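**Q** Dropping a prediction and its sequence here:
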Amino acid sequence: MKKIFVVFVSLASTFAFSQKNTSKFSVTYNKNVETYFLAEILSAEHRKTNKDFELYKIKECSVYQPIVKNALAKYNHLKNSDIAILTAKLNDALIEKFGSGNDFLMKPLMYHKEFPATGWINEYQFDNNNLTKEQNKEATDLIRNYLSELSKFYKQENLEQFFKENKDFYAGGINEYSKQIPAGFTNAMEQFYGESFNTYTILISPIMMWPIDNNEGRGIGADVLLKTGKKNIYEIASPFVKVEKQGQFGYDNQFQARFLSVHEFGHSFVNKEVYKYKDNLKKFKDLFENSELKEAMIKTGGYGDYQTCVAEHLVRLGEIQTARRQKDFERAKKLEAYHLKENFIFLPQLEEKIKEYNADRKKYKTFGDFVPQLLEVFENTDIESINNMLAQNK
């Protein structure tokens, strides 16, 4: 993305303060991601699953997301194009056949070289531990073929011109988001989790639609394993502030920006550790299915899987611990209250348990070393206790 770096180089001094202690952190945008979300807008009328919600998002978000409005004005005539139909079919297949949403597409979008370049940074494989090897391969082939068509769409419709026309808005969004980020937060995360990644990149996505209510947006985490063995991690962020006047770009809310950034980066530390212990959570799987927790988690964020429930709890634990390591105790308290209200009922027990980890880092060098102890919190409970904790949150 060399051209974009040239455009934004003047902004470096504006947000350098945010991460003085590391050059591994950046805020930018990615043309692959933006091109996909444009195709998703065009595909709405062809969807079999979630069609009403997709159409609602367009109606709602085009009011206060200028890039969505601009995209519709320029490309709405393509809503019956091949890429629109293909995007609808892909998303329907992901949901119906592979039990996945469009969040699973962010990883392959980042594995592909940035448009207009073709080819891949490294070999991409779809990986869902709830699916068979054959299903994962089928999904891999489906997604790889789709990205080939998306790349062609980018060139055929000269989307490079769209980004040139809207470069000032993207630059403003990058600057606005950068101002919200706590100094050295990736360093604090590395200290807590006991490991590090090659780069940490926030990708603003002004074209990603998510109806804004109470300044809450959507963040999606992704990572790319390089051929060198190092890993880059990403957070893709929808706007979370309604743009209502000149000079606004959708990201001017400190709490939400910090929450989404630490949260989505946290998944790269946490998920791989949780999924190692799928067989250790057999009891909790039954408790999750048979208590009121599954319904509560679906209402909270569509978390209808027991492994996801565990991972989401541990990521939120990491958010709180990161804030404390930065001595931002006000933010830590706000996060505790915010997440408990959202039905993450095991957080108090997890916070008590994590004291053992923090007290003996010689024994537990990484967060992953301590995950089996944290999983005991989920296993050592019962339906009545779960339902009682949920009732107390109402």
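**A** Okay, I see it. Numbers count the residues shown, from 1 in each chain.

**Q** Please count neighbours and contacts with C-alpha atoms only from this point.
**A** OK.

**Q** Going along the chain, name the strands of the stretch 51-200 of the chain.
**A** 199-204 (DSSP state E, counting those that start in this stretch).

**Q** Can you give me the end-to-end span of stretch 173-190?
**A** 27 Å (CA to CA, to the nearest Å).

**Q** my bad, should have said stretch 374-384
**A** OK, stretch 374-384 end separation, CA to CA: 20 Å.

**Q** Flag every buried residue along it.
**A** By neighbour count on 16 or more other CA atoms under 10 Å, the buried set for stretch 374-384 is L374, L375, V377, F378, I383.

**Q** What average pLDDT does stretch 110-118 get?
**A** Averaging pLDDT along stretch 110-118 yields 97.

**Q** So which other helices or strands are in contact with the longest helix seen in the chain?
**A** Of all segments of type helix in the chain, defined using DSSP state H, the longest is helix 133-156. Packing partners of helix 133-156 (3 or more CA pairs under 8 Å, 6 or more residues apart in numbering; DSSP states H and E): helix 31-43, helix 82-98, helix 106-111.

**Q** Just the ones of the buried residues of stretch 374-384 in helices?
**A** If you go by DSSP H, these have L374, L375, V377, F378, I383 in helices.

**Q** I'd like those as TSV, with distance to L90 appended.
**A** What follows is these, written out as TSV (distance: CA to CA, whole Å):
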residue	distance to L90
L374	37
L375	35
V377	38
F378	35
I383	38
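
**Q** which two in these are spaced the farthest apart?
**A** L374 and I383 (18.6 Å; CA to CA).

**Q** Could you single out the nearest of the buried residues of stretch 374-384 to L142?
**A** L375 (34.6 Å).

**Q** Tell me the pLDDT of the closest one.
**A** 97.

**Q** mind checking how far it is from Q321?
**A** L375 is 17 Å from Q321, by CA to CA.

**Q** Can you spell out which helices and strands pack onto the helix or strand containing L317?
**A** Assigned by DSSP states H and E, L317 falls within helix 306-325. For helix 306-325, the elements it packs on are helix 185-193, helix 254-274, helix 282-290, helix 329-341, helix 347-359, judged by 3+ CA pairs under 8 Å, 6+ apart.

**Q** List the neighbours of the third one that are in contact with it.
**A** What it means is helix 282-290. With contacts defined as CA atoms under 8 Å, 6 or more residues apart in numbering, helix 282-290 is touched by K294, Y306, Q307, F378, E379, D382, I383.

**Q** who are the neighbours in contact with the fourth one?
**A** Read it as F378. So F378 contacts L281, F284, V310, F346 (CA under 8 Å, 6+ apart).

**Q** nearest to F192, of the residues you listed?
**A** Distances from F192 to those, taken by CA to CA, are shortest for V310, at 18.4 Å.

**Q** how near is that closest one to Y303?
**A** Relative to Y303, and taking CA to CA, V310 is found at 10 Å.

**Q** These two - which one has more neighbours?
**A** Between V310 and Y303, counted using other CA atoms under 10 Å, the more crowded position is V310 (23 against 18).

**Q** quick one: contacts for the more buried one?
**A** Going by CA under 8 Å, 6+ apart, the list of residues near V310 reads V274, L375, F378.

**Q** can you redo those residues as JSON lines with distance to I220?
**A** Shown next, in JSON lines, are the contacts of V310 (distance: CA to CA, whole Å):
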{"residue": "V274", "distance to I220": "18"}
{"residue": "L375", "distance to I220": "24"}
{"residue": "F378", "distance to I220": "25"}
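
**Q** how deep is the closest residue in space to R47 that isn't next to it in sequence tucked in, by neighbour count?
**A** Residue nearest to R47 in three dimensions, not counting chain neighbours: A88, with 5.0 Å by CA to CA, 6 or more residues apart in numbering. By the criterion of other CA under 10 Å, A88 has 23 neighbours.

**Q** Give the helix, strand or coil label for the residue nearest to the spatial centre of the chain.
**A** Ranked by distance to the mean C-alpha position of the chain (CA atoms, centre = their mean), the top residue is I220 at 1.3 Å. Assigned with DSSP: H, G, I helix; E, B strand; the rest coil, I220 falls in the strand class.

**Q** contacting residues for the residue nearest to it when sequence neighbours are not counted?
**A** Nearest non-adjacent residue to I220, counting by CA to CA, 6+ apart: I236, 5.1 Å away. Residues counted as contacts of I236 (CA under 8 Å, 6+ apart) are I202, L203, I204, S205, G219, I220, G221, A222.

**Q** Kindly provide the distance from the closest residue to L142 other than its chain neighbours to L150.
**A** Closest residue to L142 apart from its sequence neighbours, by CA to CA, 6+ apart: L90 at 7.7 Å. L90 is 12 Å from L150, where distance means CA to CA.

**Q** Among those two, which residue is more densely surrounded?
**A** More crowded of L90 and L150, by other CA under 10 Å: L150, with 22 against 18.

**Q** I'd assumed I83 was in contact with that one.
**A** Yes - using CA atoms under 8 Å, L150 is in contact with I83, at 6.9 Å.
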